[in-house]
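*Asks:* below is the sequence, then the predicted model.
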Amino acid sequence: CMEVSVESAQCTARGFQYDRMAQVTDKDGKYCTPRDEDKRQLFHVKPTLPSEASTMTLTSAKLSKSFHLHLSNANTTPVAVEVLEAPDKLTLDDYGDEVAQWLQAATNIKGCRLTAIGQHFNRSVQKNSAQGDAVPTHQPAPVSLADEAPYLLVNAASLHDLNQRLRNNQKTPVDMRRFRPNIVITGLQPWEEDSLAKIQIGPVKFHVWQRCGRCIMTTIDRE
């Protein structure tokens, strides 16, 4: 769905609170992704959560009415679904017919459902065999519905360097949204993030783990 920019967020072992907590699932129980051309309308569905997170509001330029989902008292049903990059099906909570109907109208994805992390959810970080870096924790590291890791760090200077290379080759520059980070850092040299082992933001310390294998999403214009 559409990105949400924030100046601060609550850190958890699984990732930022409420980040990558939900996915749109198709009628066959498979994740929906705007990597697929017929699902690009997902880019234009924007979720908004207030600080107390009792209600999630969904908006779409395609629809005149927003949808308000009351998370605290929603009637949900556990379902086994496919999650991108997860080797096996995972149990998520299905949030019912009303929000599903709104999403179908907003995205044109027939039979889609809103599913999200609930009390039955359990998933751990897996090593990416293409990168070969061992998980840097002694215990299994929990992860949300993100592809590989709880946090995805991008260096603003690296994006600037990439765009300069694109311009030098008469290509169109790209914006940060193509890379879907949830942490953007400044003040480093281009690609310096590849040599980091740990960083600290306020009181929170992070392992800087494997480089993220990038997919076709970096080539898709969200507009």
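*Replies:* The structure has been received and is ready for your questions. Because the structure is predicted, anything quoted here is derived from the model rather than measured.
*Asks:* in the protein, what spans have low per-residue confidence?
*Replies:* 51-53 (pLDDT under 70).
*Asks:* the same query, at a cut-off of 90, please.
*Replies:* Along the chain, segments meeting pLDDT under 90 span 1-9, 17-18, 35, 48-54, 71-73, 85, 126-140, 147-148, 209-223.
*Asks:* report the longest helix in it, please.
*Replies:* Using DSSP state H, we find that the single longest helix of the chain is helix 156-168.
*Asks:* quick one, strands of this protein?
*Replies:* For the chain, the strands defined by DSSP state E cover 11-12, 15-16, 22-25, 45-48, 55-60, 67-70, 77-81, 90-94, 113-116, 153-155, 183-185, 198-201, 204-207.
*Asks:* on that earlier part again, identify each buried residue in the longest helix of the chain, please.
*Replies:* Residues of helix 156-168 classed as buried: A157, S158, L159, L162 (neighbour count, 16 or more other C-beta atoms under 10 Å). All C-beta atoms are positioned from the backbone trio N, CA, C, and that covers glycine.
*Asks:* what's the nearest residue to the second one if we skip its chain neighbours?
*Replies:* Once flanking residues are discounted, S158 sits nearest to P190: 4.8 Å by C-beta to C-beta, 6 or more residues apart in numbering.
*Asks:* in JSON lines: the buried residues of helix 156-168, plus distance to R180.
*Replies:* Below are those laid out as JSON lines (distance: C-beta to C-beta, whole Å):
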{"residue": "A157", "distance to R180": "18"}
{"residue": "S158", "distance to R180": "15"}
{"residue": "L159", "distance to R180": "12"}
{"residue": "L162", "distance to R180": "15"}
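*Asks:* between these, which is closest to V6?
*Replies:* L159 (18.9 Å; C-beta to C-beta).
*Asks:* thought that closest one was touching M176?
*Replies:* Yes - if you go by C-beta atoms under 8 Å, L159 and M176 touch, sitting 5.9 Å apart.
*Asks:* where do the contact lists of these two overlap?
*Replies:* Residues touching both L159 and M176 (C-beta atoms under 8 Å, 6 or more residues apart in numbering): none.
*Asks:* closest one to A134 among the strands of the chain?
*Replies:* Using C-beta to C-beta, the strands of the chain put strand 204-207 closest to A134, at 10.9 Å.
*Asks:* next, the buried residues of the closest one.
*Replies:* Under 16+ other C-beta under 10 Å, the buried positions of strand 204-207 are F206.
*Asks:* return that strand as CSV; C-alpha atoms alone will do.
*Replies:* Output in CSV follows, covering the C-alpha atoms of strand 204-207 (Å, rounded to 0.1, in the frame of the first residue of the first chain):
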residue,chain,number,x,y,z
VAL,A,204,17.9,1.6,20.4
LYS,A,205,20.8,-0.5,19.0
PHE,A,206,20.4,-2.3,15.7
HIS,A,207,22.5,-5.0,14.0
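*Asks:* so what touches it?
*Replies:* Here strand 204-207 makes contact (C-beta under 8 Å, 6+ apart) with C11, P136, T137, Y151, L153, I183, A197, K198, I199, Q200.
*Asks:* ok, 10 Å please
*Replies:* With contacts defined as C-beta atoms under 10 Å, 6 or more residues apart in numbering, strand 204-207 is touched by 10-11, 135-137, 141, 149-151, 153, 183, 196-200.
*Asks:* and which of those is nearest P78?
*Replies:* P150 (22.7 Å).
*Asks:* now do the contacts for the closest one.
*Replies:* Neighbours of P150 in contact, by C-beta under 10 Å, 6+ apart: 11-16, 19-20, 125, 141-144, 182, 206, 209.
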